[in-house]
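1. Sequence first, predicted model second:
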Amino acid sequence: MSKEFITFMRNRVSQAALNSPAPSESEWESILSAASRAADHGNLKPWRFCIYEGEGRAKLGQIYWHHALSEVELMPESKEDAFVKKAYRAPAVLLIYARIQDHPKVPPIEQIMAASAAAQQVLLGLNALGYGGMWRSGPACFTQKTKELLSLEKNDQIIGLIYAGTPKEKSAFTPEVELGTHLKWVRD
Ligand SMILES: Cc1cc2nc3c(=O)[nH]c(=O)nc-3n(C[C@H](O)[C@H](O)[C@H](O)COP(=O)(O)O)c2cc1C
């Protein structure tokens, strides 16, 4: 099992092209429970999850659109559809954000790291159940305007959106891994 698990992690790939079905409610619960075992300094559990699916994605699409309206002067109304459609790139979209607490020993960056670790666990969990996922972000993830539109708190930090569903095609390739220049041993 341990060797298989290493191979499974080694060969993980993102999937941009995703169809229905997305994970069921109980599958999401098991993925997100497993993701909630991410490393977490101070046991703060800073990750928060919100799943948009079905027509719920229209709400997310409207957030993309209203964010764009707030950023671009004279944005033509005709562009609304294109922004809303982004939320429909997959049958489900998981928003992950970190709820940052003031803590004497755990600075915000560590809370963001813990929530990011949870996001990576989500990707693995999706693949483990036969689903595909793609972690996306973009400048809109890092503005106060988006937080307002999502009714998040001022100090919350968006980690990203994981688009989830069933891969349109099974990935046949083994991703390249270049460890050489990323690893140094210090032994004496
Ligand atoms: C924090 C974060 C944000 C990302 N945002 C985007 C994005 O907005 N658009 C995109 O195409 N890929 C984005 N990616 C990269 C993809 O999720 C994916 O990792 C990349 O396409 C490489 O594919 P692979 O995971 O199969 O190696 C992001 C990755 C991370 C970790």
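-> In hand now; what should we look at?
2. could you pull out the helices for this structure?
-> Under the criterion DSSP state H, helices of the chain are mapped to 2-10, 25-35, 56-71, 80-86, 108-128, 144-149.
3. Let's have those in a markdown table, adding mean neighbour count, distance to residue 43 and mean pLDDT.
-> All C-beta spots, glycine's among them, are computed from the backbone N, C-alpha and C. Output for those, formatted as a markdown table (neighbours: other CB atoms under 10 Å; distance: least, CB to CB, whole Å; pLDDT from 0 to 100):
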| stretch | mean neighbour count | distance to residue 43 | mean pLDDT |
| --- | --- | --- | --- |
| helix 2-10 | 10 | 24 | 95 |
| helix 25-35 | 16 | 15 | 98 |
| helix 56-71 | 18 | 30 | 96 |
| helix 80-86 | 16 | 35 | 97 |
| helix 108-128 | 20 | 10 | 98 |
| helix 144-149 | 16 | 25 | 96 |
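4. how about the ones you listed, which one is nearest the ligand?
-> The minimum distance between the ligand and the helices of the chain falls on helix 108-128, with 7.0 Å, by CB to the nearest ligand atom.
5. neighbouring contacts of that closest one?
-> Helix 108-128 is contacted by residues 8-9, 12, 14, 23, 30-32, 34-42, 44, 46-48, 94, 96-101, 103, 132-133, 135, 155, 157, 159-160, 162, 164 when judged by CB atoms under 8 Å, 6 or more residues apart in numbering.
6. Could you rerun that using 6 Å?
-> 12, 31, 34-35, 38-41, 46-47, 96, 98, 100, 133, 157, 159, 162, 164 (CB atoms under 6 Å, 6 or more residues apart in numbering).
7. Send me it as CSV with only the CA atoms.
-> What follows is helix 108-128, C-alpha atoms only, in CSV (Å, rounded to 0.1, in the frame of the first residue of the first chain):
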residue,chain,number,x,y,z
PRO,A,108,-1.0,34.5,9.3
ILE,A,109,1.4,33.0,6.8
GLU,A,110,1.4,29.7,8.6
GLN,A,111,-2.4,29.6,8.7
ILE,A,112,-2.4,30.2,4.9
MET,A,113,0.1,27.4,4.5
ALA,A,114,-2.0,25.0,6.5
ALA,A,115,-5.1,25.9,4.4
SER,A,116,-3.0,25.4,1.3
ALA,A,117,-1.9,22.0,2.6
ALA,A,118,-5.6,21.2,3.0
ALA,A,119,-6.2,22.2,-0.6
GLN,A,120,-3.5,19.8,-1.9
GLN,A,121,-5.1,17.1,0.2
VAL,A,122,-8.4,17.8,-1.6
LEU,A,123,-6.7,17.3,-5.0
LEU,A,124,-5.4,13.9,-3.8
GLY,A,125,-8.7,13.0,-2.3
LEU,A,126,-10.6,13.8,-5.5
ASN,A,127,-8.2,11.7,-7.5
ALA,A,128,-8.4,8.9,-5.0
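8. quick one: that helix near the ligand?
-> No - in terms of CB under 6 Å from any ligand atom, no part of helix 108-128 sits within range of the ligand; the closest distance is 7.0 Å.
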